[in-house]
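>>> with the input below, show me the fold.
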Amino acid sequence: MVTTGQPSPATRTDLSAPRVDADEIVTGALAELAPAPGWPRPALLGADLLILVTHGHGSAELDFRALPCRPGTLLRARPGQVLRCLGPQLDATVVRWGPETLRGLDVDPDAVPAYRQLAGEDEDAVISEVTQLAVDADRHAGIPAAAALLRHQLAVLLLRLNLLSGADERATPGAETETFRRLCREVERGYRHTRRVEDYAAQLGCSVRTLTRACLAVTGRSAKQVIDERVALQASRLLAATDEPIARIGRRLGFPEPTNFGRFFTREVGVSPGAFRAAREQPLPVRMVRPRPPADSPAPVGRA
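As a prediction, this is how the structure comes out:
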C-alpha cells in the first residue's frame, strides 16, 4: 500500500505518532508526528521512519538523547522509541513504513545510524532520493502497481545510507559482539517478564559469565546493567509519552508493588518516576553528538 500525508485518525492513539499499515509507505511533514502543536512532550513512535531536515535549526530528542538539527540532518527512528523535535520553523520530510514493507528485499534498515549530518555529494544524493520517493508516493497514491516502485526506492535509499557508515561499523562482528546482540534480542522479547541474567543465559545456552564478559567488552556494563537499563528505558518512554498511571506502568514491567518500581527507577535514572514525568515538557540540553552505541544496545536515560 502506498499513501502520502497523514493516515486516517483511526490509526492514531493518544500521544502517539501516527501508525502505518504493515506493508505501507507514508511520506509527509514533520508536524504530522507531533502529538500536539508545539511538541509539548515526546511522541511514542508506531512505525519505522527516516527524517530528513529540510529547513530551520533546532534539536531532536530521540529516546532522551538531544541531537542538533539543521538542513541535511538525517534521523533514523524505530517503533517504540520516543521522539520530540524542537526549533524555530524546523521542518523535515518524513518517510514511514510498516514492518512488512521491506520483506524479501536484501536491506537492513537497522544498519542505518540513528543520527547523521549529511554534507556534500552524500547530502545531494540522499535529498534527491528522498524527494523522488515523496513525489512518487504523492503522484501514485492509491495505485497498487506503485507499491513495488516505492518499496525498491526505499530499499535503495537505505542501502545508500548503509554505505555511508564507516568501515568499522560494517566489519564482521566478533564472538563477544554477536553474543551481546543475541542477548539484546532476547532482552527485547523478555524484559517485561524477567530481569534475571540467569534466565537469559539459559535461553541462549551459555553461562552468566559469558554474557557478562560480552556486555563488558561491548558496552563496559555488566549483563545485569544492560537488562535493567532496557527496563528503565521502557519505563521512561511510557512516563514521558503517555498519561498511563505510574503504578500500572510498573506492573506492566514486572513490578507488582509501586514502591519497588519507584526504587528501581530512581536508582537507574536518578529521579523518581513522578519527577521524571513532571519534567517531560522541559527541553533536554543539546550536547556534542557521541558515536552511536553498538547495534541493539539499550540506551541509558536520564534528564540532566
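>>> going by C-alpha atoms from here, please, whenever you check contacts or count neighbours.
Fine.
>>> so who does L50 touch?
By CA atoms under 8 Å, 6 or more residues apart in numbering, L50 lies in contact with L74, L75, R76, A77, V94, V95, R96.
>>> mind listing the strands the helix or strand hosting it pairs with, and their directions?
L50 belongs to strand 48-55 when assigned by DSSP states H and E. Looking at strand 48-55 with DSSP bridges, its partner strands are strand 73-77 (antiparallel), strand 91-97 (antiparallel).
>>> how about L159, what does it touch?
V107, D108.
>>> how far away is it from I25?
17 Å (CA to CA, to the nearest Å).
>>> got it, and V197?
38 Å.
>>> do the same with T179
On the measure of CA to CA, T179 and I25 end up 33 Å apart.
>>> who has more neighbours, those two?
Remark: of T179 and I25, I25 carries more neighbours, 27 against 21, as counted by other CA atoms under 10 Å.
>>> which residue sits closest to that one, ignoring its sequence neighbours?
Spatial nearest neighbour of I25, chain neighbours left out: W97 (4.5 Å); criterion: CA to CA, 6 or more residues apart in numbering.
>>> where exactly do the helices run in the chain?
120-139, 146-164, 167-170, 175-190, 197-204, 208-219, 223-241, 246-252, 258-269, 273-278 (DSSP state H).
>>> out of those, nearest to V107?
Proximity to V107, assessed across the helices of the chain by CA to CA, is greatest for helix 146-164 (6.3 Å).
>>> then the closest one to CSV, C-alphas only?
Extracted C-alpha coordinates of helix 146-164, given in CSV (Å, rounded to 0.1, in the frame of the first residue of the first chain):
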residue,chain,number,x,y,z
ALA,A,146,3.1,1.6,-7.5
ALA,A,147,3.8,-0.4,-4.3
ALA,A,148,6.8,-2.2,-5.8
LEU,A,149,8.3,1.1,-7.1
LEU,A,150,8.1,2.7,-3.6
ARG,A,151,9.4,-0.4,-1.9
HIS,A,152,12.5,-0.5,-4.1
GLN,A,153,13.1,3.2,-3.8
LEU,A,154,13.1,2.9,0.0
ALA,A,155,15.4,-0.1,-0.2
VAL,A,156,17.9,1.9,-2.4
LEU,A,157,17.8,4.8,-0.1
LEU,A,158,18.5,2.6,2.9
LEU,A,159,21.3,0.8,1.1
ARG,A,160,22.9,4.2,0.2
LEU,A,161,22.7,5.2,3.9
ASN,A,162,24.3,1.9,4.9
LEU,A,163,27.2,2.5,2.6
LEU,A,164,27.8,5.9,4.2
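>>> how far off strand 91-97 does it point, in degrees?
110 degrees (axes from the mean of the first three to the mean of the last three CA atoms, to 10 degrees).
>>> and helix 146-164 with helix 120-139, angle?
Going by the same axes, to 10 degrees, helix 146-164 makes 170 degrees with helix 120-139.
>>> and helix 146-164, which residues are buried?
146-147, 150-151, 153-155, 157-162 (16 or more other CA atoms under 10 Å).
>>> just for the protein, where's the confidence low?
1-18, 165-173, 287-304 (pLDDT under 70).
>>> which residue packs closest to H193, ignoring adjacent ones?
Distances taken as CA to CA, 6+ apart place G254 nearest to H193, at 5.9 Å, with adjacent residues excluded.
>>> next one: V231
Looking at V231 with CA to CA, 6+ apart, the closest residue is Y191, at 6.3 Å.
>>> what sits against that neighbour?
So Y191 contacts I227, R230, V231, L253 (CA under 8 Å, 6+ apart).
>>> check contacts around G220.
Contacts of G220 (CA under 8 Å, 6+ apart): none.
>>> swap the cut-off to 10 Å and go again
T212, R213, A214, V226 (CA atoms under 10 Å, 6 or more residues apart in numbering).
>>> most neighbours out of the residues you listed, which is it?
That'd be V226 among the contacts of G220, by other CA under 10 Å, with 26 neighbours.
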